[in-house]
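>>> make a model of this:
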Amino acid sequence: MKKIRFLMAKPGLDGHDRGALVVATALKNAGVEVIYTGRHQTPEKIVSAAIQEDVDAIGLSIMAGAHITLCSRIINLLKERQADIPLVVGGFIDREDAALLKDAGVAEVFGVGSDTGQIVSYVQSLAGDSY
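Numbering: from 1, shown residues only. The predicted model follows:
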């Protein structure tokens, strides 16, 4: 049985990584292999790392309000590189922006205070029956 591989990233100038670390720990405790790229990553570095690491999904933690711009850029880069990798986003994201992100191609949005069990279940569901 292959482990799910999940890339966790903090794009942009946002330096607050507590939520990312909490989610990464919950995923690791559930048997998911988490690759954490750290803070202040560019969309280009995130997409390159995701492809190089052959991940099953990308998770972004965004607290600084640039989620629409950053997610749009990452989605476009994934399309350009023909990489079919789901993008999951968490952070301070209101309902209207969450709907816009999903319309743009984000697989799921988890707001501040989301239950880590739900996040883990969602990530596991992305992998399907092959894991």
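
>>> got the buried residues for the helix or strand harbouring residue 126?
Assigned by DSSP states H and E, residue 126 falls within helix 116-127. Residues of helix 116-127 classed as buried by neighbour count (16 or more other C-beta atoms under 10 Å): 116, 119, 120, 122, 123, 124, 126, 127. In this view, the C-beta of every residue, glycine as well, is placed from N, C-alpha and C.

>>> residues near the residue nearest to the last one when sequence neighbours are not counted, how many?
So that's residue 127. Nearest residue to residue 127, sequence neighbours excluded (C-beta to C-beta, 6 or more residues apart in numbering): residue 4, at 4.6 Å. Residues within reach of residue 4, counting by other C-beta atoms under 10 Å, total 21.

>>> before we move on, what about the one 3 residues further on?
Residue 7 is surrounded by 26 other residues when neighbours are defined as other C-beta under 10 Å.

>>> show me what contacts the closest residue to residue 72 other than its chain neighbours?
Using C-beta to C-beta, 6+ apart and skipping the chain neighbours, the partner closest in space to residue 72 is residue 104 (5.8 Å). Neighbouring residues of residue 104 by C-beta atoms under 8 Å, 6 or more residues apart in numbering: 68, 71, 72, 75.
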